[in-house]
Structure formats: structure tokens, C-alpha cells
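K.L.:
sequence? don't have it. structure:
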DNA sequence: TGTAAGTAAATAAACATTTACTTATTTTTG
DNA sequence: CAAAAATAAGTAAATGTTTATTTACTTACA
């Protein structure tokens, strides 16, 4: 039996992400993807059932999976609050800086009903993505370090500024000067910590 | 000369927003829109040059324009910081609660390159959307009430949690209980205020 | 040599946009 | 002051293109 060509599998994923980031999800077509990856359209269908399957797997396995790994690197749920939040923010910043295309698809996850549904189903099925973060928040809520909100609310307070600042980071990358440096990011992180702390 | 039927213009806009919110931007087609609005496809082209023109005008004029108006209602740049931020958050919450479809398109504005480009051009062309908010932030930064960040950063710290909480609000609307009430929203708002204040 | 991986080309459906025509008004003009 | 001309608004159906997916064939390896 002829073995799978892993380079082609990889090319499908990276070029799909590239097209989505540069031209938008609405401009990704199977034929355009095949051409850009130098393969036949049929080859995509050997690895994915259909377009929806490709997008969902790309989002859940490739992007969210790697993001989860990256953001949890060296993180433990029993860290001090300020220390833990800074670790998460810096991990996230480092990951997104080097994975602009993944960031673009995550942004689509917040608007596209297809990806949003996939995300929610994944969350419901296997407990929660980012389990250690939820334990971290619950731990500090019950210890009285931070205010006692539902963890979906905590997550919004904790991560939404980071995501928005990443958008600004990429916007400013095409301009003469970058306003989002690691230093300003950490000052923003301090503001978020201060706000959440009792 | 036969006069324009304003109901039809209105139908195009509201039904386009509905399709985008319910099925996604990538599933809005001119023929689907025409059918749902009970008009001929040609009628859309009397009012808009093409699909891109429709989407950009919908985003900039219909959605962002109304959002700006709503969020600035009874707001003045020389308000106290906490008072002003609460006003903005409550205005935003009230607007989005009643305009779920508009909220969906605004979310797409953060991912779709087409809408994102349109937004940036608009911002660059006519000064800034939300001018009073920028004056408000600059006023409090120079008065020393809040930390001195670039206003794009301030805007991220100020509004991104609200937007994320709105997403949660709509997600939870289909569940047995709503975790985002005006009360929890105001507690989150207090956290944001506390974080930004010196 | 059997078999899954892969290709090029085809297919049928869906798409944005246009064509050729009809309708409902306003504005002349007889 | 009616009625008919002028005209933009509107329609149904068609156009040519692009789309997701399949078919019929070829290739490379266990």
C-alpha cells in the first residue's frame, strides 16, 4: 500500500490557515486550496470528509489544540494569582506572535456559527478546554483572592483584553511603530489582575 | 418616476443581518437574500453596486453607525471616569441585547478581512469613530485618573470584556439560566474600572 | 501484485450579476 | 385637468462562472 505523504497533509493545513487569514474564511475554496497546496482536490477528500469536516478539524485539533498546549506551558493551577495570569498572558502572546494564521481562525471561531457550534460541542463533550485554568480560577475564587464570578465570566475578564491587544498588535505590524510590546502587554496584564483581585 | 419602496430597502438590510447572524457571513448569498426578502435579485443591485458594497454599507452605516449613536447616548467626555465607563457599558449592553444581529456582524468585523479593511479606512478617513470616548480617555489619562496608554490600548481594556460578556449572554440565552445580568455586568464593569484606575 | 494514495478532468448545483421586460409613479402637454 | 409620455423601480428568467464533490484512471510502495 502506498503510504500517506505527510508533507501534503501538512500543506493542506498550513495553506488553508494562510488563505483564511489573508483572504477570509468566505474565500477559502477547496479548489483554491488544492491549487495553492499543489495537490489534486481529491487528495483533500482522502483526509477529510468534506469542507465542514476540514474546517472543524482545523479549528479544534490544529488550532485550539496547539493553543491550549502553548498557553498552559509551565502553568500550574496552584500558582499565585498574579504569577499565573502573567504566565498565561506571556504564553499566549508568544504563541500568537508566531502563529498569526491560527489567531485569525480563532477570531472566526467567535463569529462563524459553524466553528462556534463545533467549539461549544467540544467544550461540552470532554469537560472543558483549558481545565487547569478553570481550576486555577476556582481555587483563587474560593481562597478569596479574586471576586466570585461564574468561570465563563472570569475567562472573559481574563482573556478578552489579551485577544483584543493581539488584534492591535497585528494591525500595528503594518505601521511604522508597534504600540504593543511585551512591556505594555505586562502593564495591561497588571491592570487586569488588579481589577479581578479583591 | 416610480418611487422607491422603503420597506424593500429595509427588508434587504434586516434580512441580510438575520442571515449573517443565523447562518454566517459565508452563507449569505444574493439569491438567498432576495428570496427571503421577497424581492428580485435585481432589486438589491438597484440599491447596492455589488455584494461587497452591500456588506460594507451594512457594516459601516447600518450597524456601526447605530451602535455609535446608542453607546454615546447621554455620554459626555468630561464625565467622571467610573460614571462614564458605566454609562458606556450600560448603553452597549442595552443596544446589543436588542440588536443581536448587529452584534453578530460587529463580531465578523474583527475577523473578515473585507469588513476589517472597511472599518480601518473609515477610521482613518473621518478621524475616529467614537471621538468622544477617545477625548474621555485622553482627558482622564492627562488628569492622572487612569494609566497612560495609547488610546487603542485603552479601548481594548475598556470594551473587550463587554463584547466577550455579550457573546456569553447570547450563548446563555439558549440555556436554562442566564449568568449575565445587569447586576453581574456592573460588577465586571467595576473590575475594569478598578484595573484601569491609577 | 494488491491496495490505498494520488491525479486530471468531469459533473451538477449554486453563485453573482445581467438581460429583457413590466409596473407605478411624476411630469408634461393637448 | 385628464390622459399619455417619460422614467426609474421592480420582476422573472437567463448568463457565464465558480463551487463542492465525484469519476475514472495512475502511481508507489508493503
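P.N.:
Sure thing, it's come through. Since the structure is predicted, the reported quantities are computational estimates derived from the model, not experimental observations. Numbers count the residues shown, from 1 in each chain, chains lettered A, B, ... in the order given.
K.L.:
which strands and helices sit next to the helix or strand of chain A with the lowest mean pLDDT?
P.N.:
The weakest-scoring helix or strand in chain A, judged by mean pLDDT, DSSP states H and E, is helix A:113-125 (a mean of 92). The helices and strands touching helix A:113-125, judged by 3 or more CB pairs under 8 Å, 6 or more residues apart in numbering or on different chains; DSSP states H and E, are helix A:51-57, helix A:100-109. Glycine gets a C-beta too; all of them are placed from N, C-alpha and C.
K.L.:
how about a cut-off of 6 Å?
P.N.:
With contacts taken as 3 or more CB pairs under 6 Å, 6 or more residues apart in numbering or on different chains; DSSP states H and E, helix A:113-125 sits against helix A:100-109.
K.L.:
Wondering if the helix it packs on reaches chain B at all.
P.N.:
Yes - with CB under 6 Å from any CB of the partner chain as the criterion, chain B is reached by helix A:100-109 at A:107-108.
K.L.:
just to revisit the earlier point, which residues sit against the least confident helix or strand of chain A?
P.N.:
The contact list for helix A:113-125 (CB atoms under 6 Å, 6 or more residues apart in numbering or on different chains) reads A:56, A:59-60, A:108-109, A:129, B:24.
K.L.:
can you redo those as a markdown table with neighbour count, pLDDT and distance to DNA strand D?
P.N.:
As requested, the contacts of helix A:113-125 are exported to a markdown table (neighbours: other CB atoms under 10 Å in any protein chain shown; pLDDT from 0 to 100; distance: CB to the nearest atom of the strand, whole Å):
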| residue | neighbour count | pLDDT | distance to DNA strand D |
| --- | --- | --- | --- |
| A:56 | 19 | 98 | 12 |
| A:59 | 25 | 98 | 16 |
| A:60 | 17 | 96 | 17 |
| A:108 | 27 | 98 | 15 |
| A:109 | 18 | 97 | 19 |
| A:129 | 15 | 82 | 26 |
| B:24 | 20 | 97 | 13 |
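K.L.:
These also near DNA strand C: which ones?
P.N.:
Among those, no residue sits close to DNA strand C (CB under 7 Å from any atom of the strand).
K.L.:
For those, which two are the farthest from each other?
P.N.:
A:129 and B:24 (21.8 Å; CB to CB).
K.L.:
What's the separation between the residue nearest to residue A:37 when sequence neighbours are not counted and residue A:35?
P.N.:
Excluding the flanking residues, the one nearest residue A:37 by CB to CB, 6 or more residues apart in numbering or on different chains is residue A:11, at 4.2 Å. Distance of residue A:11 to residue A:35, given as CB to CB, to the nearest Å: 12 Å.
K.L.:
of those two, who's got more company?
P.N.:
Legend: neighbour count by other CB atoms under 10 Å in any protein chain shown for residue A:11 and residue A:35, higher for residue A:11 (18 against 13).
K.L.:
buried ones in stretch A:67-74?
P.N.:
Buried residues in stretch A:67-74, defined by neighbour count with 16 or more other CB atoms under 10 Å in any protein chain shown: A:67, A:70-72.
K.L.:
what do you get for stretch A:112-120?
P.N.:
Of all the residues in stretch A:112-120, those buried under the rule 16+ other CB under 10 Å are A:112-116, A:118-119.
K.L.:
biggest separation within those, which pair?
P.N.:
A:113 and A:119 (10.6 Å).
K.L.:
Kindly report the residues of chain A close to DNA strand D.
P.N.:
Contact residues (CB under 7 Å from any atom of the strand) of chain A with DNA strand D: A:1-3, A:27-32, A:40-42, A:45, A:50-52.
K.L.:
buried residues in the one helix or strand residue A:46 maps to?
P.N.:
When elements are assigned from DSSP states H and E, residue A:46 belongs to helix A:41-47. By 16+ other CB under 10 Å, the buried positions in helix A:41-47 come out as A:43-44.
K.L.:
Just the residues contacting that helix, thanks.
P.N.:
Outside helix A:41-47, the residues that touch it by CB under 6 Å, 6+ apart are A:9, A:12, A:30-31, A:34.
K.L.:
Just the closest residue of chain A to chain B, please.
P.N.:
Of all residues in chain A, the one sitting closest to chain B is residue A:195 (2.9 Å; CB to the nearest CB).
K.L.:
In three-state terms, label that residue for me.
P.N.:
At residue A:195, secondary structure determined by DSSP: H, G, I helix; E, B strand; the rest coil is helix.
K.L.:
List the residues that contact it.
P.N.:
Contacts here follow CB under 6 Å, 6+ apart; on that basis residue A:195 touches B:191-192, B:194-195.
K.L.:
go again using 10 Å as the cut-off
P.N.:
A:146-147, A:157-158, A:161, B:157, B:161, B:188-197 (CB atoms under 10 Å, 6 or more residues apart in numbering or on different chains).
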